[in-house]
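S.K.: Sequence and predicted model, in that order:
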Amino acid sequence: MSSVEQGNPKVSVVIPAYNEGENIVPVLDRLFEAVSMPCEVLVVVDSPEDLTVPIIERYAEHEPRLRCLINTYGRGPANAIRFGIDTAKSPAAVVTMADGCDDPRQIDILARLVERGVAVAAASRYMPGGQQVGGPLFKGTLSSMAGRSLAFFARVGTRDATNSFKAYSTDFVREVGIDSRDGFEIGIELTAKARRLRRPVAEIPTIWLDRTLGESNFQLSKWLPKYLKWYRLAFGPPLTLEQLQLLNKKERDDLT
């Protein structure tokens, strides 16, 4: 019996999806071809009516490592990622996109870094050997400036804190919690929390390719303030877990 059949995958791959339909099939094909570690793949959607659901159910008939999850935490990618990580069975959760922009051959490498003890393992477009191909120029420029400045001034351990393609220690995530509720800012949130708690963060170079099928759901103007909140958190002295939780609670209270 395999590790997955025993319920003990070594890596849980979390994929938030929104009406991807058939577009997700080649993404899954490449993923299952590339990942060699015992894994579970969790495609998380917001509702049973999502066009991705029947495609995943059909695919799962011949791929037992694949599951489709209906997110009950609320709509949006942040809630889908939270739901997926909370459901993950393995000690390492890798978040990757349903649009095929990320390189699935790096999932094993990222998960192995978590096995070796890092809290956050980032796939970086902005370190030597990394690259972003395509995508909106303004969004890419902002992302690059944020990533490089966080690495240089806040010493967060990666030059690409904003990239969603990361592996996390599930113990770390469950310890610090996820406060993001809207977009894809979870990547920068958990990197900032790891920095303030002085937990190890590592990075490997990646080549990000803009999607060729379907349309992006990224909403820069809506989600930018959320990114700025976590950008600011990365700066400052070390905190204990209790101090970090109190700081986040104070910010939530100030907003209500």
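M.R.: Done, it's in.
S.K.: neighbours of Asp210, just the number please.
M.R.: When neighbours are counted by other Cβ atoms under 10 Å, Asp210 registers 14. Just so you know, the C-beta spots here come from the backbone N, C-alpha and C atoms, and that holds for glycine as well.
S.K.: mind listing what it touches?
M.R.: 101, 133-135 (Cβ atoms under 8 Å, 6 or more residues apart in numbering).
S.K.: what about 10 Å?
M.R.: 99-101, 132-136, 140, 216 (Cβ atoms under 10 Å, 6 or more residues apart in numbering).
S.K.: show me where this structure has helices.
M.R.: With DSSP state H as the criterion, the chain has helices at 24-34, 53-60, 77-87, 107-115, 137-149, 170-176, 186-196, 220-233, 241-255.
S.K.: highest average neighbour count across those helices?
M.R.: Mean neighbour count (mean count of other Cβ atoms under 10 Å) peaks for helix 186-196 among the helices of the chain, with a mean of 26.
S.K.: what's the spacing between it and its chain's center?
M.R.: 11 Å (Cα atoms, centre = their mean, to the nearest Å).
S.K.: Distance-wise, check the nearest residue to Leu69 once chain neighbours are set aside relative to Lys250.
M.R.: Distance criterion Cβ to Cβ, 6 or more residues apart in numbering; nearest residue to Leu69, sequence neighbours excluded, is Val44 at 4.7 Å. Distance, Val44 to Lys250, using Cβ to Cβ, to the nearest Å: 30 Å.
S.K.: got the contact list for the residue most central in space within the chain?
M.R.: Nearest to the geometric centre of the chain sits Val95, at 3.4 Å (Cα atoms, centre = their mean). With contacts defined as Cβ under 10 Å, 6+ apart, the neighbours of Val95 are 12-16, 77, 80-81, 84-85, 102, 110, 163-168, 184, 186-187, 190.
S.K.: Name the nearest residue to it, ignoring sequence neighbours.
M.R.: Val14 (5.0 Å).
S.K.: partners of the one you found in the sheet?
M.R.: Beta-bridge pairing for Val14 (DSSP bridges): Leu42, Val95.
S.K.: for this structure, which spans come out with low pLDDT?
M.R.: Within the chain, the ranges that satisfy pLDDT under 70 run 1-7, 212-222, 254-256.
S.K.: contacting residues around Leu69?
M.R.: Going by Cβ under 10 Å, 6+ apart, Leu69 touches 14-17, 42-45, 56, 80, 83-84, 86-87.
S.K.: tell me which of those residues is nearest to Thr158?
M.R.: Comparing the contacts of Leu69 against Thr158 with Cβ to Cβ places Val14 closest, at 18.9 Å.
S.K.: how close does the closest one sit to Ile81?
M.R.: Separation of Val14 from Ile81 (Cβ to Cβ): 6 Å.
S.K.: list residues touching both of the two?
M.R.: With Cβ under 10 Å, 6+ apart as the test, Val14 and Ile81 both reach 44, 93, 95, 168.
S.K.: give the contact list for the last one.
M.R.: Looking back up the chat, that one is Tyr168. Contacts were defined as Cβ under 10 Å, 6+ apart; by that measure Tyr168 touches 12, 14, 81, 85, 88, 91-95, 110-111, 114, 118-122, 174, 176, 178, 186-187, 190-191, 194.
S.K.: cool, and the second one?
M.R.: Contact analysis of Ala93 by Cβ under 10 Å, 6+ apart lists 11-14, 40, 42, 81, 84-87, 111, 114, 166-170, 172-173.
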